[in-house]
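A.B. asks: The sequence and its predicted three-dimensional model are supplied below.
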Amino acid sequence: MYQKQHLSLIEKCLEHLAELPNIQVNFRQIPQSLNNEGTTGILTIASSTNSVDYIFRILPSITEVEAFIFSSSDQIFNGNKERKQIIVTPYLTDSIIEYLLNQDIEFIDSTGNIYLNSPAAYVFIRAQNSSKGRSSSSFEINSTTLKIIYILLKSPSILEAPAQEIAADAGVPLESISNNLKNLYYLGYLERKRNGGYWIVNYTRLLERWGMGYVECLRPELLLGNFTFQQKQKFSLIAPTIINLASYTNFLIGGELGVAIATDYLYPQSVVIHFSGNYDLIVNKLKLIPSPQGEVILMQQFGTQNAYSHQDVENIADPLLIHAELIKENNDRLNSTANRLFDKYIEIKRLYA
């Protein structure tokens, strides 16, 4: 059974979570035989996109050592690693918040500091009592942030360039660059240099956040529609026509056909076409009609860097865009190909980030 002070802490934390838009929260006790003095339980956070169960640990106070032990423990819940973990505590200092963010340890305290990073929700909120001057501020990874993240992943060295260049390449307002880079720093994705600039702390972790955010936020914004052919035919028969059209039309080939071109591995069954401008030409040329499950997906390009710049592979979307499209399907066939794409085109960027 939970002690009285634990119940009070949980209730306060649940109140803060309940204030988040489009989020439903529930908690339940776990069997007493598995519970450590009433300090653990299951917290379920649900949104319109997903639902995630957390094992939560109540800590009366927390130091960096305790946070490290929490993150590395194999016995939080009878050895069960399938559920995510989250710290529930009365109060977090700014230094501990920074440490937890850098370690990607999720948390909530009774004053309203919240960090969630899961398929159900991505939330970072600093409570009003934060001494860092970021009072009552919350940071959500939105489409603008994701476009910036994409550019950083594509060209990590662009962090050395003026903000105007980053804004132009990402296709976002110039005034959004400073705040987004600062927030990516506070979230632990970037680190500061002595000269005031930034560098990417963990390329793989930022890539994971890009993939998740692309599916949740950016892709729905860029999606123009799904289409199929007026006359049913095997995709393999029309693929050469799409490749030929791309050579003189303003679009990039992505998705399954794009990765097939890039890796010479997959037998494609669909294509994602990234447009810049009007897409009526391709619709007419390929004789497409709207279809919710169509094998031709049309996407709007953003910024100026959606193409893969390599002389040996022309007219395809950048591997970062193709990779994000493949992993969203959670399909063994596509995941295997996504890994090949990563090894061939993306891993090198991680090594030199």
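C.D. replies: Sure, I can see it.
A.B. asks: For the protein, spot the helix or strand the model is least confident about on average.
C.D. replies: strand 137-139 (a mean of 49; mean pLDDT, DSSP states H and E).
A.B. asks: That one: what's the following helix or strand?
C.D. replies: helix 143-154 (DSSP states H and E).
A.B. asks: Mind checking the pLDDT average for that following helix?
C.D. replies: For helix 143-154, mean pLDDT rounds to 97.
A.B. asks: same check, this time on stretch 340-353
C.D. replies: What stretch 340-353 shows for mean pLDDT is 85.
A.B. asks: ok, and what's touching it?
C.D. replies: Outside of stretch 340-353, the residues within contact range by CB atoms under 8 Å, 6 or more residues apart in numbering are 153-154, 156, 199-200, 203-204, 207, 259, 262-263, 265, 308, 319-320, 322-323, 326. (Glycine included, C-beta is placed from N, CA and C.)
A.B. asks: Buried members of those into PyMOL, please.
C.D. replies: Those of the contacts of stretch 340-353 that count as buried under 16 or more other CB atoms under 10 Å are selected in PyMOL with:
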select buried, resi 153+154+156+200+203+207+259+262+263+308+319+320+322+323+326
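A.B. asks: Take the contacts of stretch 340-353 and keep only those in helices.
C.D. replies: When DSSP state H is applied, these are split such that 153-154, 203-204, 207, 259, 262-263, 319-320, 322-323, 326 fall in helices.
A.B. asks: model confidence over stretch 307-321, on average?
C.D. replies: On average, the pLDDT along stretch 307-321 is 87.
A.B. asks: pretty sure residue 119 is touching residue 49, no?
C.D. replies: Yes - the criterion here is CB atoms under 8 Å, and residue 119 meets it with residue 49 at 6.8 Å.
A.B. asks: Could you tell me which residues touch both of these two?
C.D. replies: The contact lists of residue 119 and residue 49 share residue 216, where a contact means CB under 8 Å, 6+ apart.
A.B. asks: got a pLDDT number for the closest residue to residue 127 other than its chain neighbours?
C.D. replies: The shortest distance from residue 127 to any residue other than its chain neighbours is 3.8 Å, reached at residue 112 (CB to CB, 6 or more residues apart in numbering). The pLDDT attached to residue 112 in the predicted structure is 88.
A.B. asks: Same check on residue 196?
C.D. replies: In this model, residue 196 is scored at 78, pLDDT.
A.B. asks: Next, it: secondary structure please.
C.D. replies: Secondary structure, DSSP: H, G, I helix; E, B strand; the rest coil: residue 196 is coil.
A.B. asks: Number of residues surrounding it?
C.D. replies: Neighbour count of residue 196, defined by other CB atoms under 10 Å: 6.
A.B. asks: Please shift the residue numbers so they start at 559 in all later answers.
C.D. replies: All set: I'll call the first residue 559, so the last point we hit is now residue 754.
A.B. asks: Tell me the spacing between it and residue 743.
C.D. replies: According to CB to CB, to the nearest Å, residue 754 stands 11 Å off from residue 743.
A.B. asks: swap in residue 780?
C.D. replies: Note on residue 780: its distance to residue 743, by CB to CB, is 26 Å.
A.B. asks: Off-centre distance for stretch 642-651?
C.D. replies: Chain-centre distance of stretch 642-651: 22 Å, with CA atoms, centre = their mean, to the nearest Å.
A.B. asks: List every C-alpha atom in it, with coordinates, as PDB.
C.D. replies: C-alpha atoms of stretch 642-651 as PDB (Å, rounded to 0.1, in the frame of the first residue of the first chain):
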ATOM      1  CA  LYS A 642       9.500   2.700 -19.800                       C
ATOM      2  CA  GLN A 643      10.600   4.200 -16.500                       C
ATOM      3  CA  ILE A 644       9.900   7.600 -15.000                       C
ATOM      4  CA  ILE A 645      10.900   9.300 -11.800                       C
ATOM      5  CA  VAL A 646       8.300  10.800  -9.500                       C
ATOM      6  CA  THR A 647       9.700  13.200  -6.900                       C
ATOM      7  CA  PRO A 648       8.700  16.200  -4.800                       C
ATOM      8  CA  TYR A 649      11.200  18.600  -6.300                       C
ATOM      9  CA  LEU A 650      14.000  18.800  -8.900                       C
ATOM     10  CA  THR A 651      16.800  21.400  -8.900                       C
END
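A.B. asks: Perfect, that will be all.
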